[in-house]
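Student: Any chance you could fold what I've pasted below:
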Amino acid sequence: MLRPIYLIAGLILVALGIIGAFVPLMPTTIFLILAAWCFARSSTRLENWLLDHPRFGQTLRDWQDTGAISRRAKALACSGIVLGFALFWIGARPGLWLWLLVAAILAACAAFILTRPDPTR
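Tutor: Numbering: from 1, shown residues only. Predicted coordinates:
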């Protein structure tokens, strides 16, 4: 009964991931991870397509198998977090409390990323 909803959500997430591949500071991999999760519940064919993709497949399989993130991906993700925070700070000119809240949330995200294991290949 939920298969069509998961399928539509997966297709939307793939579209967002594709957009993220070309738009700076918009993530790609998280959308594709979520799309693979949706496809696992709706379309084996599309899930296999994502997991076998030449560019993103290995990253998705590493995450799916062990929750692993490569060192390169960790560096890129944390660099994006720092850049995004700098642009937020410059562009929004937030007050102290909003600045601290956003900094804490982004620091927690970076900590999560950095504590994931490296893939074993």
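Student: May I ask which helix or strand encompasses the residue nearest to residue 67 when sequence neighbours are not counted?
Tutor: Distance criterion Cβ to Cβ, 6 or more residues apart in numbering; nearest residue to residue 67, sequence neighbours excluded, is residue 116 at 5.7 Å. The way it works is simple: take the backbone N, C-alpha and C, and place the C-beta from them, glycine included. Residue 116 is part of no helix or strand when elements are defined by DSSP states H and E.
Student: Could you tell me how many residues sit around residue 116?
Tutor: Using other Cβ atoms under 10 Å, residue 116 is surrounded by 17 other residues.
Student: Point to the residue nearest the middle of this protein.
Tutor: For the chain, the residue nearest the mean C-alpha position is residue 30 (2.0 Å; Cα atoms, centre = their mean).
Student: And the pLDDT for that one?
Tutor: Looking at residue 30, its pLDDT is 92.
Student: Checking it next. Helix, strand or coil?
Tutor: Each residue gets one of three states, and residue 30 gets helix by DSSP: H, G, I helix; E, B strand; the rest coil.
Student: and what of residue 68?
Tutor: For residue 68, the secondary structure call by three-state DSSP comes out as coil.
Student: Quick one: neighbours of it, just the number.
Tutor: Residue 68 is surrounded by 17 other residues when neighbours are defined as other Cβ under 10 Å.
Student: Could I get the contacting residues of it?
Tutor: 62, 116-120 (Cβ atoms under 8 Å, 6 or more residues apart in numbering).
Student: Next, give phi and psi for it.
Tutor: Main-chain dihedrals, residue 68, degrees, to the nearest 10: phi -90, psi 150.
Student: quick one: pLDDT of it?
Tutor: Reading off the per-residue confidence, residue 68 sits at a pLDDT of 95.
Student: please renumber so the chain begins at 19
Tutor: Yes, from this point I'll number from 19; that puts the last item at residue 86.
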